[in-house]
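*Asks:* I'll drop the sequence and a predicted model, then ask my questions.
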Amino acid sequence: MRMAFRKISRVGSLTGATKWYLSEDCLLAAKRVMYVVEYRRFYLRDLESIVVWPSRTWLLRPIIPGLLLAALGFSLWHWVDFTAGAIAGGAGLAWAALELGLGPTAKSRIRTAGATVDLPLVKRTQRAGKVLAKIDAAVRAIRGGVMEQPTAPIDQPQPDASNQASPESGPAASPVGDLT
């Protein structure tokens with residue numbers, strides 16, 4: 001049987017990227033650093049939690065380049081030319097506005113039965129809801145099909161078919177197994 005992997009997320013960086021794939025039974029992280037690819041497989045049955053939170057230093061992304069380009073624009077406007085200063089200053093303001101509009105960058109932690117791993121799942125926290133919903137649906141599908149109803153012990157008598165309620169008399173009480 002061939003498993004189909006669907007790409008659900010990609011988080012890029014200067015040195016490489018991490019791509020996330022989802023299949024019927026596992027979540028796969030392919031982390032590329034320069035020319036080396038490291039694979040991490042997380043089985044959906046073993047997943048305990050996936051936590052995504054905003055990075056503490058995400059405000060540095062719009063502030064530092066925005067201020068540097070604005071300062072460059074001011075110095076160009078003052079010493080060189082108004083047009084060059086306006087272009088550099090406008091680029092700094094546009095950079096800051098874009099970063100603020102995209103929202104905070106994200107950090108994530110994946111906890112399984114055997115390990116806890118800090119790997120970037122999404123770049124921004126706004127996208128985390130979509131990716132986590134896909135993973136949650138896959139986990140519910142794999143765990144829902146695996147859960148078994150408990151069987152009655154042999155020494156207990158089985159209920160008679162004649163004592164069961166008819167469909168007209170209302171819903172019959174059925175045993176509910178502990179699924180935790």
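*Replies:* It's in.
*Asks:* low-scoring pLDDT stretches of the protein, where are they?
*Replies:* 1-3, 145-180 (pLDDT under 70).
*Asks:* please enumerate the helices of this structure.
*Replies:* 60-79, 82-102, 128-146 (DSSP state H).
*Asks:* quick one: the first one to helix 82-102, angle?
*Replies:* Orientation check (axes from the mean of the first three to the mean of the last three Cα atoms, to 10 degrees): helix 60-79 against helix 82-102 gives 170 degrees.
*Asks:* hang on, the earlier thing: between the helices of the chain, which one is nearest to residue 48?
*Replies:* helix 128-146 (10.4 Å; Cβ to Cβ). Just so you know, the C-beta spots here come from the backbone N, C-alpha and C atoms, and that holds for glycine as well.
*Asks:* now do the domain split for this protein, please.
*Replies:* Per the record, the chain has its domains at 6-57+103-145, 62-102, by automatic domain parsing.
*Asks:* so which of the helices of the chain comes closest to residue 110?
*Replies:* helix 128-146 (9.7 Å).
*Asks:* mind listing what's buried in the closest one?
*Replies:* For helix 128-146, burial by neighbour count (16 or more other Cβ atoms under 10 Å) applies to 128, 131, 132, 135, 138, 142.
*Asks:* packing partners for that helix?
*Replies:* strand 6-12, strand 16-22, strand 47-54 (3 or more Cβ pairs under 8 Å, 6 or more residues apart in numbering; DSSP states H and E).
*Asks:* rerun that using 10 Å as the cut-off
*Replies:* Judged by 3 or more Cβ pairs under 10 Å, 6 or more residues apart in numbering; DSSP states H and E, the packing partners of helix 128-146 are strand 6-12, strand 16-22, strand 26-33, strand 47-54, strand 106-112.
*Asks:* the fourth one vs strand 106-112, what angle?
*Replies:* This points to strand 47-54. Using the same axes, to 10 degrees: strand 47-54 against strand 106-112 is 170 degrees.
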